[in-house]
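>>> show me how the following folds:
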Amino acid sequence: MLQLLTFLVKKLSLFSQFKLFKFRWSDCADRQRHTQRAPPPSIRRGDLLEVPRTLFTHCGIYLGDNKVAHMIPDILPVFTNDQKLISSVVSNKRLILGCIYKCATVRVDTLEDFAYGSRILVNRMDKTMKNQALPNEDVAKRAEKLIGTTPYSLLWNNCEHLVTYCRYGSAASRQTEKFCEFLKLIIRDQRSVFVTSLFGFISIILFGMAPSTTLPTILIPFTLWMAG
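As a prediction, the model looks like this:
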């Protein structure tokens, strides 16, 4: 049992070391405006901007004139074409429903609304991406062409995929890659088999023998064992 608890603590600590989600935007009625920070003095049209959040990093492309193009999940475009309504600040409810429905908008917001009081990082990915950055004007024009509704996937088509496509010509997400590596670590660690089996037997004891409890208890540990 001690070994299993050590395993769980280890995995939870790994989980907390990287960022999974793409971002949270508070409801207008509930949020208070954070202290606005001045934009970096070297910011230029076509620069890739990143703003750290609590559990993630949000990304956008600077278009100049204090405007940023970025992707955000949004359910509202499914129901209306009213651009004035759609351009309002995205609330939590709109964002969550957009994630569920897998619908997003590549939209233009002010630099202040995009940063939401966070420290802005400029072109930090230039040091880690394999491809060279495209000319800044080409980057900005690519982002402008993509403005509008778009399919959304938390792992496969998010704000980071958008900005890396615009600036480097190839869509990629380091945060998605970290999440997949985390899953690989869990699958490869054979103690995951015993942990899932334990939880399965507990569910059988609590809820009784039924297909909804017995099948997962057998299939999940077996799949992890074969994949490990």
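
>>> which strand or helix spans K184?
helix 174-188 (DSSP states H and E).

>>> what is that helix packed up against?
In this structure, helix 174-188 packs against helix 2-15, helix 159-168, with contacts taken as 3 or more CB pairs under 8 Å, 6 or more residues apart in numbering; DSSP states H and E. Every residue, glycine included, has its C-beta placed from N, CA and C.

>>> mean confidence for the first one?
Think helix 2-15. Averaging pLDDT along helix 2-15 gives 43.

>>> pull out the buried residues from the helix or strand following that helix.
Sequence order places strand 48-52 as the next helix or strand after helix 2-15, per DSSP H and E. In terms of neighbour count (16 or more other CB atoms under 10 Å), strand 48-52 has its buried residues at 48-51.

>>> hmm, back to that, got the CA positions of the helix or strand following the helix holding K184 in PDB?
Following helix 174-188 in sequence order, the next helix or strand is helix 191-207 (DSSP H and E). Output of helix 191-207 as PDB, limited to C-alpha atoms (Å, rounded to 0.1, in the frame of the first residue of the first chain):
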ATOM      1  CA  ARG A 191       2.200   0.000 -11.100                       C
ATOM      2  CA  SER A 192      -0.600   1.800 -12.900                       C
ATOM      3  CA  VAL A 193      -2.100  -1.700 -13.500                       C
ATOM      4  CA  PHE A 194      -2.300  -2.400  -9.800                       C
ATOM      5  CA  VAL A 195      -3.600   1.100  -9.000                       C
ATOM      6  CA  THR A 196      -6.400   0.800 -11.500                       C
ATOM      7  CA  SER A 197      -7.200  -2.800 -10.400                       C
ATOM      8  CA  LEU A 198      -7.400  -1.600  -6.800                       C
ATOM      9  CA  PHE A 199      -9.900   1.200  -7.700                       C
ATOM     10  CA  GLY A 200     -11.800  -1.300  -9.800                       C
ATOM     11  CA  PHE A 201     -12.200  -3.700  -6.900                       C
ATOM     12  CA  ILE A 202     -13.200  -0.900  -4.600                       C
ATOM     13  CA  SER A 203     -15.900   0.200  -7.000                       C
ATOM     14  CA  ILE A 204     -17.200  -3.400  -7.200                       C
ATOM     15  CA  ILE A 205     -17.400  -3.500  -3.400                       C
ATOM     16  CA  LEU A 206     -19.200  -0.200  -3.200                       C
ATOM     17  CA  PHE A 207     -21.600  -0.500  -6.100                       C
END
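
>>> what does whichever helix or strand comes after helix 191-207 contact?
With elements assigned by DSSP H and E, the helix or strand that comes after helix 191-207 is helix 211-227. By CB atoms under 8 Å, 6 or more residues apart in numbering, the surrounding residues in contact with helix 211-227 are 187, 190, 192-194, 196-197, 200-201, 203-204, 207.

>>> ok, stretch 67-74 next?
Contacts with stretch 67-74, where a contact means CB under 8 Å, 6+ apart, come from 22-23, 25, 49, 58-63, 86, 90, 94-96, 98-99, 103-111, 114, 140, 143-144, 146-147, 150, 152, 158-159, 162-163.

>>> filter the contacts of helix 211-227 down to the buried ones.
187, 192-193, 196-197, 200, 203.

>>> now for those residues, which pair is the farthest apart?
The span of the buried ones among the contacts of helix 211-227, defined through CB to CB, is set by I187 and S203 at 20.8 Å.

>>> poorly predicted segments of the protein, please.
Applying pLDDT under 70 to the chain picks out residues 1-41, 224, 227-228.

>>> quick one, domains of it?
Domain assignment for the chain by automatic domain parsing gives 2-12+180-227, 21-175.

>>> neighbours of E181, how many?
11 (other CB atoms under 10 Å).

>>> good, we can wrap up now.
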